[in-house]
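1. Sequence plus the predicted model coming up.
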Amino acid sequence: MKKRFYIETFGCQMNKGDSDLMALSLETAGFDRADGEADADILIFNTCSVRSHAESRALARVRSVRKSDSALVVIAGCMAQRLGDSLVADGTADLVVGPYQSPKIGDIIAGCLGGRKTRAFLSQKPEDFAGRIQPAAALRRDKLPYHKWVTITHGCENFCSYCIVPYVRGKLISFPSEAIVRHVGQCVAGGVTEITLLGQNVNQYGMDSGDIPFHRLLERVAGIKGILRVNFLTSHPMDFNDDIVRVVADHANITRSMHLPLQSGSDRILALMNRKYTMTRYHSIIEHLDRTLPDHAVSTDLIVGFPGETEKDYELTLDAVHRVRFDEAFMYAYSPREGTPSFVMKEELGRSQKIERLQRLIEIQRAISREKLLARIDRPEELIVEGQSRRSPGEYRGRTYLNHPVVLPGGPGDVGRKIRIIIKDVRGSTLYGERSA
Ligand code: SAM
Ligand code: SF4
Ligand code: F3S
């Protein structure tokens, strides 16, 4: 009987994409997907290292199955790359497989079950990178049947001083534009109508390889017949430019929701973070978006408690939040990561002070997010229906082109379709809409 695998994914969409590649590789190597962890012979944990909490969660989870199970335990992803052999040496895992090796994990595991002694597969050489965009991957479905995440760059060379990603994911590698466009075309032929282009800084697409710049790729993907919406994540304020905004403005099927991580509102902290932009530059991007895209949303990431952040620096972050009025923000307390430049910078705040700053920020942002949602009432919107609402069988949920979640009356035939609505109500962080002509 074929051995069965189970994959559990932590971290960002990059990891979710890698888990898809792993499943494909395992099936190609002759393994079957298990229904759940209980009936699996191979347990794979695709892990994240971005904050220490992400690692401790994954480690606790792996150790809990380790106690109760005789299955082969594999740690893959960013934490595997960061902690490497030590995870095998201390008995946490049987095997560690870094992100470069995800598309080959089937052969790696088959080799180990067949008696191969090596237990750590962490190489990050260019030749290890082959096989990442595969035609067969187009046939796999995301959780939403009409949506596909499409990774356009791997790795990052921005070296923000707090960030572990450049170390665990390696240098920037852009996939060839021809392969991406072909891949998206195959997805669309298979029924996909929404695409999200993914990279740590998608705006740097092509800078390593001399391929077309990001705005041209976006234009080509948006031009593929049958695509109702193209999203892209993540932009970097250093590289986000007017060409991108122009392409968005020229294409009704590109999202109006821009994710532009700010991190801090203090120029001094931004410089210490090695973010390579100032608040003047950030505000000029926002003003350009306001002029060029009349109806758009901006979301962001913010870190509080970076080493040396004074109350004044923190207040500058609050000022930025009040001035920009983000639709949504992902907010974090700074987490020191060994091996990054900021790890050796002296931290003046204790955990409780960081949490206190974080909570104050969250409260302010929450109120702004709610005001922005309330401002949508009685406005016409277009959304793509994702599926049935959990609350009631006659209600369906979807997301607008500003990435706001909406509940509306609907039926199964609506899933994946674009529908016009009028927003009628806001409950919590969800909009409620009615169909319009
Ligand atoms: N590439 C994106 C960018 O440039 O913003 C996202 C990278 S990271 C996966 C997502 C977010 O995690 C970052 O934007 C940052 O706010 C946060 N983050 C990264 N390292 C962190 C750290 N050491 N402590 C706290 N938050 C961190
Ligand atoms: Fe990390 Fe900065 Fe790269 Fe984003 S751009 S992944 S925050 S180093
Ligand atoms: Fe993503 Fe976490 Fe790795 S955010 S790139 S899975 S460190």
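-> Received the coordinates, thanks. Residues are numbered from 1 along each chain as shown. Ligands and ions are numbered 1, 2, ... in the order given.
2. pLDDT weak spots in the stretch 101-250 of the chain?
-> 130-142 (pLDDT under 70).
3. Flag every residue of it that's near ligand 2.
-> 156, 158-160, 163, 165-166, 200-201, 236 (Cβ under 6 Å from any ligand atom). C-beta coordinates here come from the backbone N, C-alpha and C atoms, glycine included.
4. change it to 8 Å
-> 156-160, 162-166, 169, 200-201, 234, 236 (Cβ under 8 Å from any ligand atom).
5. out of those, which are buried?
-> Using 16 or more other Cβ atoms under 10 Å as the burial test, these include 156-158, 160, 162-166, 169, 200-201, 234, 236 as buried.
6. quick revisit: among the residues of the stretch 101-250 of the chain next to ligand 2, which are in reach of ligand 1?
-> Of those, the ones that also sit near ligand 1 (Cβ under 8 Å from any ligand atom) are 156, 158, 160, 162-165, 200-201, 234, 236.
7. Identify the farthest-apart pair in those residues.
-> Greatest spatial distance among those (Cβ to Cβ): 164 and 236, at 16.7 Å.
8. how much space between the nearest residue to residue 10 once chain neighbours are set aside and residue 423?
-> Spatially, and ignoring its direct neighbours in sequence, residue 10 is nearest to residue 48 (4.6 Å; Cβ to Cβ, 6 or more residues apart in numbering). To residue 423, residue 48 is 35 Å away according to Cβ to Cβ, to the nearest Å.
9. Over to residue 332?
-> 30 Å.
10. These two - which one has more neighbours?
-> For the pair residue 332 and residue 423, the greater number of neighbours falls to residue 423 (23 against 19), based on other Cβ atoms under 10 Å.
11. Correct me if wrong: that one contacts residue 432.
-> Yes. Residue 423 lies in contact with residue 432 (Cβ atoms under 8 Å); the separation is 7.3 Å.
12. who touches both of the two?
-> Common neighbours of residue 423 and residue 432 (criterion: Cβ atoms under 8 Å, 6 or more residues apart in numbering): residue 406.
13. related to what we said a few turns ago, and the buried ones among the residues of the stretch 101-250 of the chain next to ligand 2, which two are the farthest apart?
-> Greatest spatial distance among these (Cβ to Cβ): 164 and 236, at 16.7 Å.
14. Show the contacting residues for residue 13.
-> By Cβ under 8 Å, 6+ apart, the neighbours of residue 13 are 149, 196, 198, 233.
15. Look at the third one and say how many residues are nearby.
-> The one in question is residue 198. 21.
16. Tell me the spacing between the closest residue to it other than its chain neighbours and residue 20.
-> In space, and not counting its chain neighbours, residue 198 is closest to residue 151: 4.8 Å by Cβ to Cβ, 6+ apart. Noted for residue 151: a distance of 10 Å to residue 20, by Cβ to Cβ.
17. What does the pLDDT read for the residue of the stretch 301-437 of the chain found nearest ligand 2?
-> The stretch 301-437 of the chain approaches ligand 2 most closely through residue 301 (8.0 Å), counting by Cβ to the nearest ligand atom. Here the pLDDT value assigned to residue 301 is 98.
18. which SS state does it fall under?
-> Here residue 301 is recorded as strand under DSSP: H, G, I helix; E, B strand; the rest coil.
19. count of residues packed around residue 319?
-> For residue 319, using other Cβ under 10 Å, the count is 13.
20. can you check residue 213 too?
-> Residues within reach of residue 213, counting by other Cβ under 10 Å, total 18.
21. so it touches residue 247, yeah?
-> No. Using Cβ under 8 Å, residue 213 makes no contact with residue 247, being 10.2 Å away.
22. quick one: the strands in the stretch 1-150 of the chain?
-> 4-9, 32-33, 42-47, 72-77, 95-97, 120-121, 147-151 (DSSP state E, counting those that start in this stretch).
23. So the helix of greatest length in the chain, near ligand 1 or not?
-> Counting by DSSP state H, the longest helix found in the chain is helix 351-374. No. Helix 351-374 lies out of reach of ligand 1 by Cβ under 8 Å from any ligand atom, never closer than 9.6 Å.
24. Next, the angle strand 147-151 makes with the helix or strand just after that helix.
-> Toward the C-terminal end, the helix or strand that comes next after helix 351-374 (DSSP states H and E) is strand 380-388. Angle of strand 380-388 versus strand 147-151, following axes from the mean of the first three to the mean of the last three Cα atoms, to 10 degrees, is 100 degrees.
25. Tell me which residues are up against strand 380-388.
-> 144, 146, 193-194, 228-229, 395-402, 404, 406, 408, 410, 412, 414-423, 431, 433, 436.
26. Are any of those buried, and if so which?
-> Going by neighbour count (16+ other Cβ under 10 Å), the contacts of strand 380-388 have 144, 146, 193-194, 228-229, 396-402, 404, 406, 408, 410, 414-416, 418-419, 421-423, 431, 433 buried.
27. Local confidence estimate at residue 288?
-> pLDDT, the model's per-residue confidence, is 97 for residue 288.
28. quick one: residue 415 and residue 385, what's the gap?
-> Taking Cβ to Cβ, one finds residue 415 at 5 Å from residue 385.
29. try residue 316
-> 41 Å.
30. same question, residue 154
-> Distance, residue 154 to residue 385, by Cβ to Cβ: 31 Å.
31. what about residue 316 and residue 385, which has more around it?
-> Higher neighbour count among residue 316 and residue 385: residue 385, with 24 against 20, using other Cβ under 10 Å.
32. and that one, how far is that from ligand 1?
-> From residue 385 across to ligand 1, the span is 28 Å (Cβ to the nearest ligand atom, to the nearest Å).
33. for residue 288, same thing?
-> 19 Å.
34. Assumed that residue was part of a strand.
-> No. Applying three-state DSSP, one finds residue 288 to be helix, outside a strand.
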